[in-house]
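Student: Next comes the sequence, and after it the predicted model I'd like to discuss.
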Amino acid sequence: MSGPGGDERTEGSSIRELLLEQEDTASLIRDRTLLDPNEVVDEDRIVGRDAQLESITQYLSVVIQQERPPNLLLYGPSGTGKSLIINAVCQNIDELCESRDIQFGVVEMNCQNVGTLGSAVYELARRVADDAGTEVQVPEHGIPTKKKWRELYRLINEHYDTIVFVLDELDMLVGRRDKDEPAFSRLLYQLSRAGSTNEVTANVSVTAITNDTKMMEDVGSRALSSFTPEDVHFDDYDANQLREILRHREDAFYEDALSNDVIPLAAAFAAQTHGDARKAIDLMRTAGSIAERAGAEEVEEAHVRRAQDKVEKNRVLEVTRGISTQKKLCLFATAAVAQETGDGAAKSPHGYTIYQYLTDTLDADQYHQETYVNKMKELTTYSLVECERKSQGPHSGSYLEFTFGEDPGTIIETLREDSRISDIDAGDLRTVVNAQLRA
Ligand SMILES: Nc1ncnc2c1ncn2[C@@H]1O[C@H](COP(=O)(O)OP(=O)(O)OP(=O)(O)O)[C@@H](O)[C@H]1O
């Protein structure tokens, strides 16, 4: 039997012995919570976000005077500290409120897996009830959304003076396609006007978090006039900032357990994918675990390189596991082009030609170029690939350029795990792509 590190299980050893053996090898990482992306770390470990910390603190400070705080819109790429900063500020406010007997609550929800407006409202009610230590008094299914709203308002009125809803990845709450207005826009409308109607007596504030800078363009006019958030922008981190963030968590490892090049290399890898601190921290943790399993005395550069392969592959797997075969084919075709261009970028007409080649070879349905482009655009929300419109010159129209943050080779390798796609011959594909690029 092969262990997670690929080690052979010693013949005859019991599970208990194996567990104890694992404990013995866990000798490099001292405090795993410091390498857990969901942990809100202490303030003194937060690096390079002074401006955002200051503005959010100022905006929300009115809670202590029992006034309604403004709505906020935090936007920027993933892993740039949006959740960390809002949580750190809210934690401090919460402590102050407790000492002043103000009933303050923060209710977070990630909207990625919430299907409709009705489920979003129910989920918020459930979380509010949880936070207040009580229960929702309406059923989850079979009642109109209006009744769920009423229950949410009841819970808020009974338990809070001020409540802040933190809605992460809000733009993912699209809801039913037959509605003119996306579900997140309707949710924003209702939540942000709740405070100004008689239905809610508490101060309600909404913090929307998104990676999509264009989200506000899809917010309907009704919602726009009641939501009016204060914007706080989160830029990418550069390699220097990522290095500092990692240095402030060095004590997650035992003394002398990290060789000198580990932090700079993990920071450099993460800086390549739009400066994502989550990825930098993930790389440190994974490199540490790989080194522990190998029985190494310290984490070294080679462990970070292996971690980089693993983390990239996991990320691609996470995104590609849930997407349709057609989307996989679009992504596969575009990655195959980007791999050959050498700069990680592919032009949409090239990608589409390769998509046609793939669908012909596999005898799969073939969509028009517009659908291919739309499917690729949808994939940009996962930040695997970015898309930019480019002009070919004054008379030749424009095309979209897709750029991969990760190595396109990793995407290709991962997608090949799909049994249909694995039938594509790598040599033939490369020849077709290169012929296309030369044409
Ligand atoms: N400035 C920082 N200092 C220290 N740690 C940071 C900083 N920014 C981010 N991190 C860490 O990086 C990880 C990701 O951060 P966070 O969850 O706040 O990102 P995000 O911008 O909300 O991402 P997403 O949009 O994907 O939700 C967390 O572990 C967080 O603690």
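Tutor: Received the coordinates, thanks. Numbering: from 1, shown residues only.
Student: and the protein, which residues reach the ligand?
Tutor: Counting by Cβ under 6 Å from any ligand atom, the chain comes close to the ligand at 37, 41, 45-49, 78-84, 168, 211, 234, 245, 277-278, 281. Every C-beta, even on glycine, is put in place using the N, C-alpha and C of the backbone.
Student: Selection in PyMOL covering whichever of these are buried, please.
Tutor: A single PyMOL command selects the buried members of the residues of the chain next to the ligand (16 or more other Cβ atoms under 10 Å):
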select buried, resi 41+45+46+47+48+49+78+79+80+81+82+83+84+168+211+234+245+277+278+281
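Student: What about the residues of the chain next to the ligand, which are in helices?
Tutor: Residues of the residues of the chain next to the ligand located in helices (DSSP state H): 82-84, 245, 277-278, 281.
Student: The residue lying closest to Gly76 once chain neighbours are set aside and Ile56, how far apart?
Tutor: Once flanking residues are discounted, Gly76 sits nearest to Phe234: 3.0 Å by Cβ to Cβ, 6 or more residues apart in numbering. Relative to Ile56, Phe234 is positioned 11 Å away (Cβ to Cβ, to the nearest Å).
Student: which neighbours do the two share?
Tutor: Taking Cβ atoms under 8 Å, 6 or more residues apart in numbering as the contact rule, Phe234 and Ile56 both touch 74, 85.
Student: Okay, and Cys90 sits in which element?
Tutor: Using DSSP states H and E, Cys90 sits within helix 82-99.
Student: now the ones in helices among the residues of the chain next to the ligand in TSV, with pLDDT?
Tutor: Converted to TSV, those look like this (pLDDT from 0 to 100):
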residue	pLDDT
Lys82	94
Ser83	93
Leu84	94
Ile245	96
Ala277	93
Arg278	92
Ile281	95
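Student: those helices in the stretch 251-400 of the chain, which residues are they?
Tutor: With DSSP state H, counting those that start in this stretch as the criterion, the stretch 251-400 of the chain has helices at 262-272, 277-293, 301-321, 325-341, 348-362, 369-379.
Student: Are there helices or strands packed against the second one, and which ones?
Tutor: Read it as helix 277-293. Contacts defined by 3 or more Cβ pairs under 8 Å, 6 or more residues apart in numbering; DSSP states H and E place helix 277-293 against helix 239-247, helix 262-272, helix 301-321.
Student: Okay, buried residues for the first one please.
Tutor: What that stands for is helix 239-247. Buried residues in helix 239-247, defined by neighbour count with 16+ other Cβ under 10 Å: 239, 241-243, 245-246.
Student: What of the longest one?
Tutor: Using 16+ other Cβ under 10 Å as the test for burial, helix 301-321 gives 302-304, 307-308, 310-313, 315-316, 319-320.
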